[in-house]
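K.L.:
Need the 3D shape of this:
(3 chains)
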Amino acid sequence: MPLACDVLLPLPVPPFRYLVPFDGEPGPVGGRVVVPWQGTYRIGLCVAVYRARADDSLNLRETVGWLDSEPFVLDSGVELLRRLTEATSAPAGVVLASLLATGLRARYRHEVRRMGEGHDWEDVASLDEHELEAQRAQGMIRERAFPAQRTLTHLVATSDDPAAASGKQRLALEELLKGPVESAAQVAAAAGVSASTVRALITKGLAAYREVPAGRVLPGLPAAGERLEVPGLQLPDGDFDLVGGLRFHRLAALLPLLEADLAAGRSPMVLAPEVGWLEEAVSRLANHVPVLMLSGEAKDAEREGFWQAVAEGSPAVITGTYAALLAPVPRPGRLILLEACSPSWKQPAGARLHVPDAAIELARLRELTVVTADAVESPEMRARGAELIRLPAPAQRLHVTDLNGARGWPLDTDLVRVLKQVATRERQGVLLSSRRGFSGALTCKECSSQVECPHCDLPLRYHQADGRLRCHQCGFERTVPPNCPVCTSNSLAPARAAGTQWLAQAVQRLLPDFPVLRLDGDTKDDLGSLYRGEPGLLVATTAVFRRPPLPRADLLAVALFDAHTSMSDFRASETTLRLLRQLPELSLNPRPLTLIQTFQPQHRVLRALLADDQALGETEFVTETCERREAFGYPPYTRMARVELSARDRASVAQAASHVAGSLRELGAQEFELIGPTPAPVARLKGRFLYHLLLRAADPARLRELLGHVPRGSHGARILVDVDPRDVSVLEG
DNA sequence: AACGAGAGACAA
DNA sequence: TGTCTCTCGTTC
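P.N.:
As a prediction, this is how the structure comes out:
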């Protein structure tokens, strides 16, 4: 009974079918399998094994062999990949590559043996490729693959007699006889001799570098942080959302749940959106419970070590970024999502998954309890319908400065006064900007045009430090033109949206002797002095939230609140409220002053922030947000997807977009379900013209149906789909 | 993603 | 006519 199997490769292709060799045993579904692919070999994931059809044995190529005898990804993980492929309408291999960052590029041994008596297994590396291919086609060989044993190069003694050497060399040899050592320098240091003495030992043939089998390596854990103080809090046993407090308050509140899972012999999983927050959480958790951690920064060997340790199943808290989601936990406990509303969860490329949604889907498959935690409740949490647990609010002294009719720019009088206080008291402060560089653009005062990138429909960003203009999308650079390229007048000036560079300069002018540091996408000053407690002001973008809190920050200032809420995204207001609530996390000071400069002091985000009863203010804010989203047909009350079309010239992309929209309408897409096509907000990027088409459906099934009608390409245009896009501008009415 | 086949663009 | 670049389709 010949068997076939479906194999998923981490490439933008659907699963492919291979034949299991007639005398070979198939490995498990969810195991890694080596298969021939375009003249070479690749590791894929076996997602199904079934009886081959009659003609399969003629048409299909054969698997080389499985690398695993136990599933590398459990059945639930394989099913999750299948569902996400359906939901995203991305090729299955892209979904695999987006979620499984471990084991598919492993080193393995590939051996062949000629059929018949007396032949040994031989490594393919030593054989002629063409001859091998011919023999394979004739079915004259058997093949197998297995994971390569990891080795390390170590220095070992080749003589066991210390008397073989004399003097200092003897000391080194004695040291080496205690066991293999990684390097000559290490032996030299341990024996108290020079490196050349050890080298002489090697020349004499008394010591040599050898490959020795490497033990399992696990990703290193961050240095231990402070212990968590668990609040006496009654938590539900089932699903719930935890909001309020500071990050470590929420983590502390969840610790008893982790301990309960461990006591029951289960391994709870804790996922975080970014490495910084993951490490911060682990540095505290590891004081209390056994922890395994996997982040994108782990090396291949460490990832595989983590995977093996997880599979062995001794109870531990399994922590990680998205890369840990498919780890084969045999006895899982709860699934906990930290910073559940962070925009970083949305993958920018590949299948563009929103990882919490994938995680919740996996939890449903494995029947796990899901707990999410964040500073502020979100409409998505409320739609989930789980219980809401609110921690006491962080202490925040808040001050809002109305910039209407103000005298200073970009630093108004209130901010100037507080900055001076910070300097005279030799304390620290953080000033948040929404953009890096000097200003948003170079604008002509005569014709109000901006200097644009030649490849993108975006203004070039002005970087004052080197007097250059830069495109933050494609990296194009040029010098500042002396005259406006449009009207040739001599009136180019930086636009008013102040970037970190402009703010830093303004503060430095105000406080000439006070240290002013900068932290953003392209300037990463050494913050060592601040972490040692020395005075200084940090001008930063939101990149600062990925750093540990400053020990003596008294002031947390937002340079222009309006720049955050006016982002072209219907979630901008909630994101801003969350940002403002997270500000105290930037400082170890228990009651820092939060100062916000704005032209809209009555903005509903500020009303919610300043409400006398904080819990009530936020609850009303979320209720109002939910009502708006429902009224205007936004998620979580609908499902959205953005169809992104691009082409080298404007006409063909416009034509392709209207063609796709037309055929969708013909196939029954309602007016409510199809918005556009419109040129993308940035209508040209890296020399390609972009059009967007927004799909909106009442439920996931209908969205899938609509996406099923979107072609892969049309009229020479490339088409990409982003399900649940994160930067959709506000569509009123 | 990576490769090869076929279609135009350009120089000789 | 050759060669180079670009697009398009295939990969099991």
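K.L.:
Quick one: mean pLDDT for stretch A:613-626?
P.N.:
Average pLDDT, stretch A:613-626: 95.
K.L.:
pull the CA atoms of that stretch into CSV?
P.N.:
Extracted in CSV, the C-alpha atoms of stretch A:613-626 (Å, rounded to 0.1, in the frame of the first residue of the first chain):
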residue,chain,number,x,y,z
ASP,A,613,-12.6,58.2,38.5
GLN,A,614,-10.0,56.7,36.2
ALA,A,615,-11.7,53.3,35.8
LEU,A,616,-14.9,55.0,34.9
GLY,A,617,-13.2,57.4,32.5
GLU,A,618,-11.6,54.5,30.7
THR,A,619,-14.7,52.3,30.7
GLU,A,620,-16.7,55.2,29.1
PHE,A,621,-13.9,55.8,26.6
VAL,A,622,-13.9,52.2,25.5
THR,A,623,-17.7,52.1,25.4
GLU,A,624,-17.7,55.2,23.2
THR,A,625,-15.0,53.7,21.0
CYS,A,626,-17.0,50.5,20.6
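K.L.:
So which bits of it are buried?
P.N.:
Residues of stretch A:613-626 classed as buried: A:614, A:617, A:618, A:619, A:621, A:622, A:625, A:626 (neighbour count, 16 or more other Cβ atoms under 10 Å). From N, CA and C alone the C-beta is placed, and that goes for glycine too.
K.L.:
Which of those fall within helices?
P.N.:
A:614, A:617, A:618, A:619, A:621, A:622, A:625, A:626 (DSSP state H).
K.L.:
Show me which of those is closest to DNA strand B.
P.N.:
When those are compared for distance to DNA strand B (Cβ to the nearest atom of the strand), residue A:625 wins out at 36.0 Å.
K.L.:
now residue A:426, nearest residue through space, not along the chain?
P.N.:
Among residues not flanking residue A:426 along the chain, residue A:535 sits closest, at 4.1 Å (Cβ to Cβ, 6 or more residues apart in numbering).
K.L.:
residues in contact with that neighbour?
P.N.:
Contacts for residue A:535 were tallied using Cβ atoms under 8 Å, 6 or more residues apart in numbering; they are A:422, A:423, A:426, A:427, A:428, A:514, A:515, A:552.
K.L.:
so where is the stretch 451-600 of chain A shaky, pLDDT-wise?
P.N.:
A:454-457, A:473-475, A:496-497 (pLDDT under 70).
K.L.:
Show the residue spans covered by the strands in it.
P.N.:
With strands called from DSSP state E, counting those that start in this stretch, the stretch 451-600 of chain A shows them at A:461-463, A:468-470, A:477-479, A:492-494, A:516-519, A:536-540, A:553-558, A:593-598.
K.L.:
Let me know which of these is the nearest to residue A:212.
P.N.:
Closest of the strands of the stretch 451-600 of chain A to residue A:212 is strand A:516-519, at 43.5 Å (criterion: Cβ to Cβ).
K.L.:
Make JSON lines out of the ones in helices among the buried residues of stretch A:613-626 and add distance to DNA strand B.
P.N.:
As requested, these are exported to JSON lines (distance: Cβ to the nearest atom of the strand, whole Å):
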{"residue": "A:614", "distance to DNA strand B": "46"}
{"residue": "A:617", "distance to DNA strand B": "45"}
{"residue": "A:618", "distance to DNA strand B": "41"}
{"residue": "A:619", "distance to DNA strand B": "44"}
{"residue": "A:621", "distance to DNA strand B": "40"}
{"residue": "A:622", "distance to DNA strand B": "38"}
{"residue": "A:625", "distance to DNA strand B": "36"}
{"residue": "A:626", "distance to DNA strand B": "37"}
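K.L.:
Format those as CSV; extra columns: distance to residue A:488.
P.N.:
Shown next, in CSV, are those (distance: Cβ to Cβ, whole Å):
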residue, distance to residue A:488
A:614, 55
A:617, 52
A:618, 52
A:619, 56
A:621, 49
A:622, 52
A:625, 47
A:626, 52
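K.L.:
near DNA strand C, which of these show up?
P.N.:
Counting by Cβ under 7 Å from any atom of the strand, the subset of those that neighbours DNA strand C is empty.
K.L.:
Closest one of those residues to residue A:52?
P.N.:
Among those, and counting by Cβ to Cβ, the member closest to residue A:52 is residue A:626, at 52.3 Å.
K.L.:
For the contacts of residue A:535, work out which two are farthest apart.
P.N.:
Spatially, the most separated pair among the contacts of residue A:535 is A:514 and A:552, at 13.6 Å (Cβ to Cβ).
K.L.:
These two - which one has more neighbours?
P.N.:
Of the pair residue A:514 and residue A:552, residue A:552 is the one with more neighbours under other Cβ atoms under 10 Å, namely 21 against 18.
K.L.:
Identify the residues contacting the nearest residue to the more buried one once chain neighbours are set aside.
P.N.:
Among residues not flanking residue A:552 along the chain, residue A:428 sits closest, at 4.6 Å (Cβ to Cβ, 6+ apart). Each residue near residue A:428 by Cβ under 8 Å, 6+ apart is listed here: A:422, A:530, A:535-538, A:550-555, A:587.
K.L.:
Residue A:428 and residue A:570: what is the separation?
P.N.:
Distance check for residue A:428 against residue A:570: by Cβ to Cβ, to the nearest Å, it reads 35 Å.
K.L.:
Could you do residue A:124 as well?
P.N.:
55 Å.
K.L.:
Residue A:207 too?
P.N.:
67 Å.
K.L.:
if you count what's nearby, which of these two comes out ahead?
P.N.:
Neighbours per residue, other Cβ under 10 Å: of residue A:207 and residue A:570, the larger number sits with residue A:207, 26 against 20.
K.L.:
My read is that the more buried one contacts residue A:155, right?
P.N.:
Yes. Applying Cβ atoms under 8 Å as the test, residue A:207 and residue A:155 come out as touching, 5.9 Å apart.
K.L.:
Quickly list what's touching both of the two.
P.N.:
Overlap of the contact sets of residue A:207 and residue A:155 (by Cβ under 8 Å, 6+ apart) consists of A:176, A:198.
K.L.:
on that earlier part again, okay, and which of the contacts of residue A:535 map to helices?
P.N.:
Judged by DSSP H, these include A:422, A:423 as members of helices.
K.L.:
ok, back up a step: report the two of the ones in helices among the buried residues of stretch A:613-626 separated the most.
P.N.:
A:614 and A:626 (18.6 Å).
K.L.:
The closest residue to DNA strand C within the stretch 101-250 of chain A: which element?
P.N.:
Distances between the stretch 101-250 of chain A and DNA strand C by Cβ to the nearest atom of the strand are smallest at residue A:133, namely 11.4 Å. Counting by DSSP states H and E, the element that carries residue A:133 is helix A:129-137.
K.L.:
Which positions in that helix come out as buried?
P.N.:
Neighbour counts over helix A:129-137 (16+ other Cβ under 10 Å) mark A:132, A:135, A:136 as buried.
K.L.:
Next up, the contacts around the residue in the stretch 301-450 of chain A that DNA strand B sits nearest to.
P.N.:
Among all residues of the stretch 301-450 of chain A, residue A:350 sits closest to DNA strand B, at 7.9 Å; criterion: Cβ to the nearest atom of the strand. Residue A:350 makes contacts with A:90, A:94, A:95, A:97, A:98, as judged by Cβ under 8 Å, 6+ apart.
K.L.:
Repeat the analysis, applying 10 Å as the threshold.
P.N.:
Neighbour list for residue A:350: A:10, A:12, A:88, A:90, A:93, A:94, A:95, A:96, A:97, A:98, A:99 [criterion: Cβ atoms under 10 Å, 6 or more residues apart in numbering].
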